[in-house]
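Below is the structure, and that's it, no one-letter string:
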């Protein structure tokens, strides 16, 4: 309900704005100035993007696609209006040539959304999409023929306003009458029930449709030029290309969030082409002639697209075939010195537009409808099932991070690919007199910088601290010195200060190389060969770069990066290590050197708690979240596990292990062994972060501790607690009473995040239940109740609960 209520407001507001604009267009002075209209559209665009992403539900792909399509259209359209308002589109036909490519795309894209909406009985969404599609189509016609009045466009926008108003009225009545009155099409309860019973197999990338529509948008700019719809390529079309590029980077991140590594990598690749296309159209700003394109880079790009297409074919043959259009696109660009400005690449762009429209229809329909358009997934899966050598990765652990629970899939594939692309960009010799005649900066800044920063951020979210540090460091190097070297910022004299900065980065990289000794062989060579790239920048800054050095450095670093790309790609698709990254050069004892697999399971899933319970029942020790900090636990009825936990901590005598239960009912059979005052105090104090130290007695035998009792507490007393954490108590219900100790070596700080458990205890922990940062940074309060009947209690430790509350 929140989705469609927000949807009824934002397009309603934007459509009302555009309706007013087009109704007043025949006037000498428009009611809303172009610049003001552009700014308002940008504001609405950002709000619509937030609404689509923030409020999208599991089965809200139509809503999401509609929101983001309208958003990117208004974003590009707003910038075009601003350019027009600032007098940058003065020539005859400039405003038309700037606006039409976006209008063509949104017409086709929203038509597809409307068709799928009507087929899947999403009437409100379909009506809004069809009205906006008709408005865009009428606007295209208006640009070419005076017979089409701007009033026709305004009428379509008014339809959107009326539909949104109808839906808003229906929802208001629904709530005011306490769900008794619902206008037709506004009752979402039936839709919600229908969506809940839709079968879902695995994770679905709802953002892929928007990525395909963005591919249509960039292809439309160049395809319209070839077909004669627009008269020229110029700066007025840059907003569409760069808006598509920015949104495509966002779709790349969201695809990682949807655990779709291959499509996320593909969208990252296509964003590079969009940014480079927009950069190319800016050439009149700094030179009169059209820029040229580096052939080696585009050939390598086509190879990367081909490899990605091959692996994607194994998941979805239709998607793999679609990627072949981009292989052809890169080859066409490499064969044409002027790249985007020549007919060959523009012809492929037309094919990409058509293919993207068809893929949008297939993806959108297959997500929403019960009957599917065949894409060949089942055939490839059945074929690979017969193979003993290649086996596809499937199941819950497909994207499980090495340390910690992550909401993102692994982005290392994109990081390595960007290293390959950026390394081949430095083979282009720079001309100090005309540094921008060759299109290099987009490859260096976007591929080497922006997308590598994205890869580093995702790696950090997955607990890969070293890999993320390396990616982010290399991204900064590419952005700063790539811009300096290829943007003509050196001037005719090289800068000594730039050289000093590069040396500082080389020192940082030396530390990363040292750390990769403990990671794996591939990462060691990857970070080591990056020194060759840094030395290239250094020698260029000193004006001492020998001939041929760049080619050698590119080939060495590029080949190492390409192997890492293939290895990460194959490991994300197939089980086992088809192309291994290698073992650590220096093996750390006791920590596993990064090779031992320790399950890290999300605490929000009941299946994860059950799996942790099974590990504990079989004699394992696990790190779990609590109402305070993370702890290491073992089952009371497994003396071997309790002994293992005891030895893993090297427990000091003044910090014995404690006992946790989930309910006082577990002690009911031994209630007669506790004094009434102590029993009443336990009932009043628990569940809470208060550990009570009680006298050791026969009651211990009622908990089935047997031989493990000697490792718990002291000979005179035992600390016992019921934690105020539903996950922990549910786990104890499954396992029985557990023995608990802090999840850190004796004497160290408490463990406040699941990533720290394995980092501190290594192979001594068999699994970790992950719940992110602990709710508190302070441990429980430990109260001595051994003399409570005489009216005396003492505090061994004052933790989260203060003395006064106890």
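Sure thing, it's come through. In this text the structure is predicted, and so the values were computed from the model without any measurement.

domain assignment for this protein?
For the chain, the structural domains run 11-185, 218-382, 411-572, 600-797, going by the TED database.

and the shortest one, how far out from the chain's middle?
Spelled out, that is domain 411-572. How far domain 411-572 lies from its chain's middle: 23 Å, per C-alpha atoms, centre = their mean, to the nearest Å.

sorry, back to before: out of the domains of the chain, which gets nearest to residue 584?
Closest of the domains of the chain to residue 584 is domain 411-572, at 5.2 Å (criterion: C-beta to C-beta). For every residue, glycine as well, the C-beta is placed using N, CA and C.

if you average pLDDT over that closest one, what comes out?
Averaged over domain 411-572, pLDDT sits at 85.

among the domains of the chain, which is nearest residue 205?
Closest approach to residue 205 among the domains of the chain (C-beta to C-beta): domain 218-382, 4.0 Å.

for the record, mean pLDDT for the closest one?
For domain 218-382, the mean pLDDT works out to 90.

quick one on the thing from earlier: would you mind giving the domains of the chain as a markdown table with mean neighbour count and distance to residue 204 added?
Output for the domains of the chain, formatted as a markdown table (neighbours: other C-beta atoms under 10 Å; distance: least, C-beta to C-beta, whole Å):
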| stretch | mean neighbour count | distance to residue 204 |
| --- | --- | --- |
| domain 11-185 | 20 | 8 |
| domain 218-382 | 21 | 6 |
| domain 411-572 | 20 | 18 |
| domain 600-797 | 19 | 18 |
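
Make CSV from those and add distance to residue 583 to it.
Below are the domains of the chain laid out as CSV (distance: least, C-beta to C-beta, whole Å):
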stretch, distance to residue 583
domain 11-185, 40
domain 218-382, 24
domain 411-572, 6
domain 600-797, 16
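
so which of the ones you listed comes closest to residue 208?
Here domain 218-382 is closest among the domains of the chain (C-beta to C-beta), at 5.3 Å.

which residues of the stretch 51-200 of the chain fall in helices?
Along the stretch 51-200 of the chain, the segments classed as helices by DSSP state H, counting those that start in this stretch run 61-85, 94-119, 123-144, 150-176, 188-196.

right, so of those, which gets closest to residue 740?
Smallest distance to residue 740 across the helices of the stretch 51-200 of the chain (C-beta to C-beta): 39.1 Å, for helix 188-196.

do you know which of the domains of the chain lies nearest residue 580?
In terms of C-beta to C-beta, the element of those nearest to residue 580 is domain 411-572, at 6.9 Å.

re earlier: can you say which of the domains of the chain is nearest to residue 587?
Per C-beta to C-beta, nearest to residue 587 of the domains of the chain: domain 411-572, 7.9 Å.

Can you give me the end-to-end span of that closest one?
Chord length of domain 411-572, first to last residue, is 10 Å (C-alpha to C-alpha, to the nearest Å).

55 is where my numbering starts, stick with that
With 55 as the first residue, the last one maps to domain 465-626.

residue ranges for the strands of the stretch 755-860 of the chain, please.
Under the criterion DSSP state E, counting those that start in this stretch, the stretch 755-860 of the chain contains strands at 771-775, 792-796, 821-824, 835-838, 848-851.

between the ones you listed, which gets nearest to residue 275?
Residue 275 lies closest to strand 821-824 among the strands of the stretch 755-860 of the chain, at 44.9 Å (C-beta to C-beta).

For my notes, please list the helices of the stretch 105-254 of the chain in TSV and give mean pLDDT and distance to residue 328 for each entry.
Shown next, in TSV, are these (pLDDT from 0 to 100; distance: least, C-beta to C-beta, whole Å):
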stretch	mean pLDDT	distance to residue 328
helix 115-139	89	11
helix 148-173	92	13
helix 177-198	88	21
helix 204-230	80	27
helix 242-250	48	33
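
Make TSV out of the ones you listed and add distance to residue 790.
Formatted as TSV, these follow (distance: least, C-beta to C-beta, whole Å):
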stretch	distance to residue 790
helix 115-139	45
helix 148-173	52
helix 177-198	52
helix 204-230	48
helix 242-250	36
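
can you list the strands of the stretch 755-860 of the chain in JSON lines and add distance to residue 857 and mean pLDDT?
Output for these, formatted as JSON lines (distance: least, C-beta to C-beta, whole Å; pLDDT from 0 to 100):
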{"stretch": "strand 771-775", "distance to residue 857": "17", "mean pLDDT": "89"}
{"stretch": "strand 792-796", "distance to residue 857": "21", "mean pLDDT": "88"}
{"stretch": "strand 821-824", "distance to residue 857": "31", "mean pLDDT": "88"}
{"stretch": "strand 835-838", "distance to residue 857": "8", "mean pLDDT": "90"}
{"stretch": "strand 848-851", "distance to residue 857": "6", "mean pLDDT": "86"}
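
closest to residue 332 out of these?
Closest approach to residue 332 among the strands of the stretch 755-860 of the chain (C-beta to C-beta): strand 821-824, 41.1 Å.

what's the closest one packed up against?
Judged by 3 or more C-beta pairs under 8 Å, 6 or more residues apart in numbering; DSSP states H and E, the packing partners of strand 821-824 are strand 654-656, helix 660-671, strand 676-678, helix 808-815.

hmm, try it at 10 Å
strand 654-656, helix 660-671, strand 676-678, helix 780-789, helix 808-815 (3 or more C-beta pairs under 10 Å, 6 or more residues apart in numbering; DSSP states H and E).

Within its sheet, name the partner strands of it and how each one runs.
Its sheet considered, strand 821-824 pairs with strand 654-656 (parallel), strand 676-678 (parallel) by DSSP bridges.
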